[in-house]
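Trainee: okay, here's the prediction I keep looking at, along with the sequence it came from:
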Amino acid sequence: METIRLFFGHYFSIDFFRRVFWFDRYRVKTPIFFNFLEIEVDVVEDLKDQIAVVTGGSRGVGKGVALALGEKGCTVYVTGRTLGDGDRTIDTTARLVTEMGGEGRSIRCDHGDDRDIEALFVRIGKEVGSIDILVNNVYKIPNPPAWGGGYWDHPIQVWDDQVGIGLRAHYVASWHAASLMFKSKSARMLNVSSPGGQSYHFSCSYGAGKAGLDRLTADMAIELQPKGIPACVLYPGAVSTEFIVDASKEREMDLSESQTPLLVGRAATALLMDDDLMSRTGTIQWVEDLIEEYDLYDENGSRPTEKYASRISQGENHRWAPDVNK
């Protein structure tokens, strides 16, 4: 939490002084009649003393978030089922986190098994005592993927894959993480969802899982607010994950305007480091907006310019859920 100390030694929260002073990201600008004040602002520039948990971090967005947190010096627990030295394992992600300046720790966890999730957080509690950042990202892609057709064309197991692993597992992880987050002075939560929570993408079970996560996060934010813990939803756009890149070799896909997993991770990390994150609690944060707000680029020094949110809102598959209050 950032604070400001006046010359006479009293401390005030930065949120209080935003009403009096004007701030940019790294400097303080004061009206001329306040120039007699000596002001110190502690800006969070790294995460060296922070403990993060990223679920589903062997590949894709989860891997990108873990690496971006590592860039800021964070200690990152990476969870998932795949071990070993391959390029899509939690062990490799943890190693890369360390190489990027953080400390990566991998723990195998089947997020479809409540006992595994419980054991994960018991172990983390014993090792470090508290959690500062929880990123719920784990997701299971059905095999074969449920793309196209009607829900009756896919096995019922697809629901368990996309809602059980993609929604229930987030709830279970958040439940077990709560007591460890309460021990942190700056805990925050980020749940990785998708525009599929608001418009048709892939299948109805996919949409149900994402819409459920959006609502779960909004309601968790209400219950966490008295604890001082913000919780937000992250909406990536089209992301060139390993799965999508592989799929593009078999079907025509335009990935020229896609976001890289690391760029998504940098957007997530910038959001998590924002001193005013509580003002956004319970909201959906689009990656495309965050990369502009925080002036972010991917590892190649580029970033997509297409507005994914605008494109899907104008598409024929965009169908907002009905207002249940009407």
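Mentor: The structure has been received and is ready for your questions.

Trainee: do a quick rundown of the helices in the stretch 201-326 of the chain.
Mentor: For the stretch 201-326 of the chain, applying DSSP state H, counting those that start in this stretch gives helices covering 204-224, 242-248, 261-272, 287-293, 308-313.

Trainee: for those, which one sits closest to residue 144?
Mentor: Residue 144 lies closest, by CB to CB, to one member of the helices of the stretch 201-326 of the chain: helix 242-248, at 11.1 Å. C-betas here are computed from N, CA, C, even on glycine.

Trainee: tell me the buried residues in the helix or strand encompassing residue 171?
Mentor: Take DSSP states H and E as the rule and residue 171 turns out to sit in helix 169-181. Judged by neighbour count using 16 or more other CB atoms under 10 Å, the buried positions of helix 169-181 are 169, 170, 172, 173, 174, 176, 177, 178, 180, 181.

Trainee: now those as JSON lines including pLDDT and distance to residue 259?
Mentor: Written out in JSON lines, the entries for the buried residues of helix 169-181 read as follows (pLDDT from 0 to 100; distance: CB to CB, whole Å):
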{"residue": "169", "pLDDT": "95", "distance to residue 259": "24"}
{"residue": "170", "pLDDT": "97", "distance to residue 259": "21"}
{"residue": "172", "pLDDT": "98", "distance to residue 259": "28"}
{"residue": "173", "pLDDT": "98", "distance to residue 259": "24"}
{"residue": "174", "pLDDT": "99", "distance to residue 259": "25"}
{"residue": "176", "pLDDT": "99", "distance to residue 259": "30"}
{"residue": "177", "pLDDT": "99", "distance to residue 259": "27"}
{"residue": "178", "pLDDT": "99", "distance to residue 259": "30"}
{"residue": "180", "pLDDT": "99", "distance to residue 259": "30"}
{"residue": "181", "pLDDT": "99", "distance to residue 259": "28"}
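
Trainee: of those residues, closest to residue 50?
Mentor: Closest approach between the buried residues of helix 169-181 and residue 50, by CB to CB: residue 181, at 12.0 Å.

Trainee: report the central residue of the protein.
Mentor: When CA atoms, centre = their mean is applied to the chain, the residue found nearest the centroid is residue 190 (4.1 Å).

Trainee: tell me the contacts of that one?
Mentor: Remark: with contacts taken as CB atoms under 8 Å, 6 or more residues apart in numbering, residue 190 is in contact with 133, 134, 135, 136, 231, 232, 233, 234, 268, 271, 272.

Trainee: quick check: the third one is in a strand.
Mentor: Yes. Secondary structure of residue 135 (DSSP: H, G, I helix; E, B strand; the rest coil): part of a strand.

Trainee: can you give me the strands in this protein?
Mentor: Read by DSSP state E, the chain holds these strands, from start to end of the chain: 3-5, 11-13, 22-23, 28-29, 40-41, 51-54, 75-80, 103-108, 133-136, 188-192, 231-235, 284-286.

Trainee: in TSV: these, plus mean pLDDT.
Mentor: Compiled in TSV, the strands of the chain are given as follows (pLDDT from 0 to 100):
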stretch	mean pLDDT
strand 3-5	40
strand 11-13	42
strand 22-23	35
strand 28-29	36
strand 40-41	41
strand 51-54	98
strand 75-80	97
strand 103-108	98
strand 133-136	98
strand 188-192	98
strand 231-235	97
strand 284-286	96
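
Trainee: want to throw the ones you listed into a markdown table with distance to residue 212?
Mentor: Written out in a markdown table, the entries for the strands of the chain read as follows (distance: least, CB to CB, whole Å):
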| stretch | distance to residue 212 |
| --- | --- |
| strand 3-5 | 38 |
| strand 11-13 | 34 |
| strand 22-23 | 37 |
| strand 28-29 | 42 |
| strand 40-41 | 39 |
| strand 51-54 | 21 |
| strand 75-80 | 21 |
| strand 103-108 | 26 |
| strand 133-136 | 12 |
| strand 188-192 | 11 |
| strand 231-235 | 11 |
| strand 284-286 | 14 |
